[in-house]
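> Need the 3D shape of this:
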Amino acid sequence: MEQATVLTGMSFLEGPRWRDGRIWVSDFYTHRVLSARPDGSDLRTEAEVPGRPSGLGWLPDGDLLVVSMRDRTIQRRRADGTLVVHADLSAHLSPPLNEMIVDADGRAWVGAFGFDLMNGAPRETTPLARVDPDGTVTTVGEPLHFPNGMALVGSDLVVAETFGNRLSALRIGADGTLGPRRDRARFGPVPEEQDPLVAIAGVAVAPDGMSVPDRDGGIWVADAVGNRAVRVLPDGGIADEVSTGGTGTYACQLGGDDGRTLFLCTAPGFAEHERRDTRLAELRAVRVAVPSA
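Below you'll find the model as predicted:
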């Protein structure tokens, strides 16, 4: 599949979202939330987040929510463009925060690394946090192996467990609690090694960011060790893949006017000491057959 370069000269891109005819994305080490037209034109800085932006979402009133990784807060961009603290998660999740998805009612589901990945600390599991529209924070769900990208599929919250070799589904209760974890897709056994670099080298798929479901229930998932994105079917099978060659793929999202553009967040690697002072990350786009749901 032919890939187009949408944005170049970035540090490390995460959290791509399609909204209002534009692709939105966080650039970690320039501390910016960006948006652009699908061809990369009309690039805008939508917010500057000194604590390092990651996951993105919107409240029902249109206010943008942004994960601020380092200080473990959710920032809210008001209509006038100012940022305020929407929620403080420092008492609920270990640093740093990571991905987030916001449902139609304005509830945000937030994950964290659970350990100091960039300094090679032994890996640990971590639960999720739910942030209600009024900013109330509740720890939810059972501990997961580095919860990363998330998708809402019916009444399930689907979570990519990067060090778990799997996608997990947790049923969302009427009160916002999460039911027991079950496999949405299992690519292999959960690694036993505590060294994160050894553990991740042994997984078949290291699921990172993922897209909204497509029309047939497939979910595109970035494979952080495979230099690719894979399309995972509801039965857990892999139906298709898009390779990014020798470049890592860390997040993806379906968008475009017809829902058939798959945006890919790529970089030569994910290590902070390599990405912080370089500008080698790109946002790419490729056309796929099945549109977003």
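> Strands of the stretch 101-250 of the chain, start to end?
Here the stretch 101-250 of the chain has its strands, by DSSP state E, counting those that start in this stretch, at 108-112, 126-131, 137-144, 147-153, 156-161, 166-171, 182-186, 207-210, 219-223, 228-232, 238-243, 248-255.
> Adding mean pLDDT and distance to residue 39 as columns, could you present those in JSON lines?
To be clear about C-beta, it is placed using only N, CA and C from the backbone, and glycine gets the same treatment. As requested, these are exported to JSON lines (pLDDT from 0 to 100; distance: least, CB to CB, whole Å):
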{"stretch": "strand 108-112", "mean pLDDT": "98", "distance to residue 39": "30"}
{"stretch": "strand 126-131", "mean pLDDT": "98", "distance to residue 39": "34"}
{"stretch": "strand 137-144", "mean pLDDT": "97", "distance to residue 39": "36"}
{"stretch": "strand 147-153", "mean pLDDT": "98", "distance to residue 39": "24"}
{"stretch": "strand 156-161", "mean pLDDT": "98", "distance to residue 39": "28"}
{"stretch": "strand 166-171", "mean pLDDT": "98", "distance to residue 39": "31"}
{"stretch": "strand 182-186", "mean pLDDT": "98", "distance to residue 39": "32"}
{"stretch": "strand 207-210", "mean pLDDT": "98", "distance to residue 39": "21"}
{"stretch": "strand 219-223", "mean pLDDT": "98", "distance to residue 39": "20"}
{"stretch": "strand 228-232", "mean pLDDT": "98", "distance to residue 39": "20"}
{"stretch": "strand 238-243", "mean pLDDT": "98", "distance to residue 39": "19"}
{"stretch": "strand 248-255", "mean pLDDT": "98", "distance to residue 39": "12"}
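> For the stretch 51-200 of the chain, which segments count as helices?
Counting by DSSP state H, counting those that start in this stretch, the stretch 51-200 of the chain has helices at residues 196-201.
> how about low-confidence regions in it?
Under the criterion of pLDDT under 70, none of the stretch 51-200 of the chain is flagged as low confidence.
> hmm, back to that, out of the strands of the stretch 101-250 of the chain, nearest to residue 10?
strand 248-255 (11.6 Å; CB to CB).
> Run the angle between the closest one and strand 156-161 for me.
With axes from the mean of the first three to the mean of the last three CA atoms, to 10 degrees defining the directions, strand 248-255 sits at 160 degrees from strand 156-161.
> partners of strand 248-255 in the sheet?
Counting by DSSP bridges, the strands paired with strand 248-255 are strand 261-267 (antiparallel).
> quick one: the strand it pairs with to strand 228-232, angle?
Using the same axes, to 10 degrees: strand 261-267 against strand 228-232 is 140 degrees.
> Relative to the whole chain's centre, how far out is strand 261-267?
12 Å (CA atoms, centre = their mean, to the nearest Å).
> and residue 161, how many neighbours does it have?
Using other CB atoms under 10 Å, residue 161 is surrounded by 22 other residues.
> now residue 73
Using other CB under 10 Å, residue 73 has 21 other residues around it.
> Look up how far residue 108 lies from it.
12 Å (CB to CB, to the nearest Å).
> Need the overlap of contacts for those two.
residue 87 (CB atoms under 8 Å, 6 or more residues apart in numbering).
> returning to what we had before: can I get the strands of the stretch 101-250 of the chain in a markdown table including distance to residue 26?
Output for those, formatted as a markdown table (distance: least, CB to CB, whole Å):
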| stretch | distance to residue 26 |
| --- | --- |
| strand 108-112 | 14 |
| strand 126-131 | 17 |
| strand 137-144 | 21 |
| strand 147-153 | 13 |
| strand 156-161 | 17 |
| strand 166-171 | 22 |
| strand 182-186 | 25 |
| strand 207-210 | 11 |
| strand 219-223 | 14 |
| strand 228-232 | 18 |
| strand 238-243 | 21 |
| strand 248-255 | 9 |
